[in-house]
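In: how does the following fold in three dimensions:
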Amino acid sequence: MDALTIYRIGNWLYRKRIPVLPKIFQLIIFFMFNCYIPYQTKIGPGCKIGHRGIGVVINKDAELGVNVLIRAHVTIGKKNSEEPAPIIGDNVTLGDGCKVLGDITVGNNVIIGANAVVVKDVPDDSIVVGVPAKVIGTVKNA
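Out: Numbers count the residues shown, from 1 in each chain. You can find the predicted model right below:
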C-alpha cells in the first residue's frame, strides 16, 4: 500500500462527510511515508506516486489532473497563505525533488525535470528544467 491509496480512502471519507476518519488517514500517511497529502486535495484518477510517496508535500488547495506521476520529494504548494495553490494538468510527470509553487497552472502533457523550481505557468506539451524552471523543448519533439 502506498500514500496515494491511503489518501484515496481518506478523500472518499471526506467527500462522504464522515468526521474524524479522514484526518486519521492523513496522519497515517505522514507517519508511514513521511509525506503530507491532505484528504481535501483534488487528485485525479490514474495518478501515481513513486517510492510510495516518500517526502512528497502537496497543499490541500492544489488540484492534480489525471495520470500525473509524482516522484519522491516533490512539493506542490503556495508561496504564501493568501494566494491560490497550483493547478497541475493531465499526463504530467513531476521529477524527483521538483517544486511547483504559487498561483500557477501546469498544462497537459508536461515533463518537469528533477529539482526544477516552477514559479510561472507552463504551457501544454512542454519540458521544463532549472531554477527557476524554463521551457527547453516540447514533448512531441522529445
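
In: show me what contacts I49?
Out: 2-4, 56, 69-71 (CB atoms under 8 Å, 6 or more residues apart in numbering). Heads up, the C-betas are built off the backbone N, CA and C, glycines and all.

In: and these as JSON lines, adding distance to K140?
Out: Shown next, in JSON lines, are these (distance: CB to CB, whole Å):
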{"residue": "D2", "distance to K140": "31"}
{"residue": "A3", "distance to K140": "32"}
{"residue": "L4", "distance to K140": "28"}
{"residue": "V56", "distance to K140": "28"}
{"residue": "L69", "distance to K140": "18"}
{"residue": "I70", "distance to K140": "23"}
{"residue": "R71", "distance to K140": "22"}
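
In: how many other residues sit next to I24?
Out: Neighbour count for I24, taken as other CB atoms under 10 Å: 11.

In: and the furthest pair within the contacts of I49?
Out: A3 and L69 (13.7 Å; CB to CB).

In: secondary structure class of L4, three-state.
Out: The local conformation at L4, judged by DSSP: H, G, I helix; E, B strand; the rest coil, is helix.

In: wait, it touches G53, no?
Out: Yes: counting by CB atoms under 8 Å, L4 touches G53, with 6.4 Å between them.

In: need the overlap of contacts for the two.
Out: In contact with both L4 and G53: I37, using CB under 8 Å, 6+ apart.

In: between these two, tell me which one has more neighbours.
Out: Per other CB under 10 Å, whichever of L4 and G53 has more neighbours is G53, with 28 against 20.

In: and that one, what does it touch?
Out: Taking CB under 8 Å, 6+ apart, we find G53 in contact with 2-4, 29, 33, 35, 37, 70, 72.

In: low-confidence ranges, the protein, go.
Out: Applying pLDDT under 70 to the chain flags residues 141-142.
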